[in-house]
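In: build the 3D model from these lines:
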Amino acid sequence: MNPTLLIVDDEKNTREGLRASLEDSFEVYVAADIAGALGVLEREEVDLVLTDLRLGGEDGMQLIDRVLEAAHPPVVLMMTAYGSVDAAVEAMRRGAYDFVTKPVNIDRLEILLHRALRSRTTEKEVVELKKQVEKRFGLERLIGESGVMQEVYDTVKQVAPTRATVLIQGESGTGKELVAQAIHALSERPKLKFVTVHCAALSPQLLESELFGHEKGAFTGAIERRIGRFEQANGGTLFLDEIGEIDQATQVKLLRVLGEERSFERVGGNSPIKVDVRLVAATNRDLAKMVEDGKFREDLFFRLSVVPLTLPPLRVRMEDVPLLVNAFLKAFALDNGKPVRELTSDAMQAILHYHWPGNVRELRTAMEHGVVMASGPKITLRDLPLSVRQPGSSQAVSRSRASVGWAAGRGDRLNLHVTEDRLISQALDETGGNVTASAKQLGISRRTLHRRLKEMRLADSA
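Out: The predicted model follows:
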C-alpha cells in the first residue's frame, strides 16, 4: 500500500496538478483550507502533509500547529510562492520537516517527500523500540521460567495497563515489591512517581501522617504542614507494603481514598484533597482470615483485592533456582570484584535440597555470602551459610558461641587465630555474608575484616 499524502492548497489547479503528479507514488488526499484538512486527518491515517503558506485568508502556519498537536502527527512540509527564508525558518521552527518554493519542482518534491517518509518511519521504529525496552524492563528483574511464574507474568501484563487496585500476597522474600515495581513500569504512568510505604515500620499515628500528611499544629511536634505519600504519588503509583499491619482507624481513612470520592483530609485538616493514585498493596498475612477474625475490614479487603495476585514460594518453583543462582552469582562477583564463576556440584546440590523458608531473599543472601567467602573461581560447600550446608542447624551458631565461652571459662588454652576465625565465620553467617555488617558486629574495621578473610583463605589453601 502506498504512503498517504494530504495536499492543502486554496488554488484548485495547484492541488489537482500535484495530485496528478504524485498519485502513482502516494495515496493522495486534497483540501482547500484548514477545516477541510483537519476533516481529512480525523477520517484518515495520513503519513505526510504538504500545505501552502497562504490558504486564502488563513495562515498555513496555523495548520502546522494543529497537525503537530496530534499524539502521532504526520510529517509536514510547507509550500510558499514567496521564497521567504523567514517564513521557511518559522515553519521549521514550528515543526515542519522542510519547505519547497512555488512553482514546485515535482522531481525535487518527490525526493523530499520520500526522505521525509523515511524520517517518520525511523522515528516510529525508535518509539516502538523504546516501548519494547520499557516493557521488557518491567519484568526483567523477575527471574524464573517455571509455570507458576509464567502465570504471575501473565497477570502482571494483563493488569498493569489498567487502573485496578492490586493486592499482592505471598510469603516474605518472594519478591512482592519487585512485582509492584513491574506493574508500575508496565502501566500507563511509568514515568510518574512510584512511592513506597512500609506500613509495619510506623506507629498508627505516624502511619496516618505518613499516608495523608498533616496540618501545622495538628499534634505536638507538628511545626509545619506535611505533604503525605498519597499527595506525593498523585498521578503515579503508591505501594503499601505489609498492608495487614495497619490499624482500624487508618483502614477507615484508606477506604475513603479508594472509594468513588478518591479524597482524604490531612491530619488536623478539614478540606478534602482529591488524588489520582494507582494503589498496589502487599502482605504476607492471610487477609481473608484477618477479616474472619475481625482484625481487618471486609469492605477494605474487597477494595484492595480487585485483582489479587499470589506469589509462589521458592520451594514450589525449584526449577528456577539455577537461574536465580546464576543471576546473583554474576551480580555479586561483579560488585565484589571477585572472579567467581560457578558453584561446585556439592554446593549446588545443597542449594537444590534446601527448603528456602526465606525464599528468594534468603537465596540472594546465601549467594552473596558464598561469593564473599569463596577463595577461588568456584563457590564450594564450605563457602555457603551454615544453615544451607547443614539444614536444621539454625541453632548451630549459638551452640558454637556457647562452646567458645565454655572453653574459655574452663581456662583451656585456646588458639587465638582459631577463635578469631570462628567468630568471623559466626558473624558472616548471622549477617548473610555482609562484610560491612559483620565488621560492625565484630567491632573491627571493614579493611581489617577483609585482611583476616584473606589470611583465612591462605591458611585453608596451605
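In: please report the distance of the closest residue to Leu384 other than its chain neighbours from Arg389.
Out: Distances taken as Cβ to Cβ, 6 or more residues apart in numbering place Gly370 nearest to Leu384, at 5.3 Å, with adjacent residues excluded. Bear in mind the C-beta positions are built from the backbone N, C-alpha and C, glycine included. Separation of Gly370 from Arg389 (Cβ to Cβ, to the nearest Å) stands at 10 Å.
In: can you pull the contacts of Arg297?
Out: Residues counted as contacts of Arg297 (Cβ atoms under 8 Å, 6 or more residues apart in numbering) are Gln248, Gln251, Val252, Leu255, Val291.
In: ok, back up a step: more neighbours: which of Gly370 and Arg389?
Out: Remark: of Gly370 and Arg389, Gly370 carries more neighbours, 29 against 19, as counted by other Cβ atoms under 10 Å.
In: pretty sure the more buried one is touching Gly433, no?
Out: Yes - counting by Cβ atoms under 8 Å, Gly433 is a contact partner of Gly370 at 7.1 Å.
In: residues that sit against both of the two, list them.
Out: Common contacts of Gly370 and Gly433 (Cβ under 8 Å, 6+ apart): Pro385.
In: residues touching the host helix or strand of the residue nearest to Leu384, excluding its own?
Out: In the assignment (DSSP states H and E), Gly370 maps to helix 359-373. Contacts to helix 359-373, defined as Cβ under 8 Å, 6+ apart, come from residues 171-175, 313-314, 321, 324-325, 328-329, 332-333, 336, 338, 340, 343, 347, 351, 356, 358, 379, 382-385, 388, 428-429, 432-435, 453.
In: distance check, the residue nearest to Leu384 against Arg447.
Out: As judged by Cβ to Cβ, Gly370 and Arg447 stand 22 Å apart.
In: just Ala32 next, same as before
Out: 80 Å.
In: between the two, which one's more packed in?
Out: Ranked by neighbour count (other Cβ under 10 Å), Ala32 and Arg447 place Ala32 first, with 17 against 9.
In: was I right to think the more buried one contacts Leu6?
Out: No - the criterion here is Cβ under 8 Å, and Ala32 misses it with Leu6 at 11.8 Å.
In: ok so, going back, which ones among the contacts of Arg297 map onto helices?
Out: In helices, defined here by DSSP state H, the members of the contacts of Arg297 are Gln248, Gln251, Val252, Leu255, Val291.
In: for the first one, the count of nearby residues, please.
Out: Per other Cβ under 10 Å, the neighbour tally for Gln248 reads 12.
In: could you find the closest non-adjacent residue to it?
Out: Excluding its sequence neighbours, the residue lying closest to Gln248 (Cβ to Cβ, 6+ apart) is Arg297, at 7.2 Å.
In: quick one: least confident helix or strand in the chain?
Out: Taking mean pLDDT, DSSP states H and E as the measure, helix 396-410 is the helix or strand of the chain with the lowest mean score, a mean of 37.
In: please identify the buried residues of the one helix or strand Gln441 maps to?
Out: Take DSSP H and E as the rule and Gln441 turns out to sit in helix 435-442. Buried residues in helix 435-442, counted by 16 or more other Cβ atoms under 10 Å: Val435, Ser438, Ala439, Gln441, Leu442.
In: ok, of the residues you listed, which one's closest to Gly259?
Out: Gln441 (48.0 Å; Cβ to Cβ).
In: distance of the residue lying closest to the closest one once chain neighbours are set aside from His450?
Out: Using Cβ to Cβ, 6+ apart and skipping the chain neighbours, the partner closest in space to Gln441 is Ala427 (4.9 Å). Remark: distance between Ala427 and His450 (Cβ to Cβ) = 13 Å.
In: and the two? Which one has more around it.
Out: Using other Cβ under 10 Å, the more surrounded residue of Ala427 and His450 is Ala427, with 22 against 13.
In: now that one: which helix or strand?
Out: Per DSSP H and E, the secondary structure element for Ala427 is helix 416-430.
In: and Met78, by the same measure?
Out: Assessed by DSSP H and E, Met78 sits inside strand 75-80.
In: which ones are touching the closest residue to Asn359 other than its chain neighbours?
Out: Closest residue to Asn359 apart from its sequence neighbours, by Cβ to Cβ, 6+ apart: Gly173 at 3.5 Å. If you count contacts by Cβ under 8 Å, 6+ apart, Gly173 has them with Leu314, Gly358, Asn359, Val360, Arg361, Glu362.
In: strands along the stretch 101-250 of the chain, start to end?
Out: Assigned by DSSP state E, counting those that start in this stretch, the stretch 101-250 of the chain shows strands spanning 166-169, 194-198, 237-241.
In: one step back: what is the nearest of the ones in helices among the contacts of Arg297 to Arg19?
Out: Nearest to Arg19 among the ones in helices among the contacts of Arg297, with distances taken as Cβ to Cβ, is Leu255, at 62.2 Å.
In: now do the same contact list for the closest one.
Out: Arg297, Asp299, Leu300, Arg303.
In: select from those residues the one having the most neighbours.
Out: Looking at these with neighbours defined as other Cβ under 10 Å, the largest count falls to Leu300 at 21 neighbours.
In: quick check, that one in a helix?
Out: Yes - assessed with DSSP: H, G, I helix; E, B strand; the rest coil, Leu300 lies in a helix.
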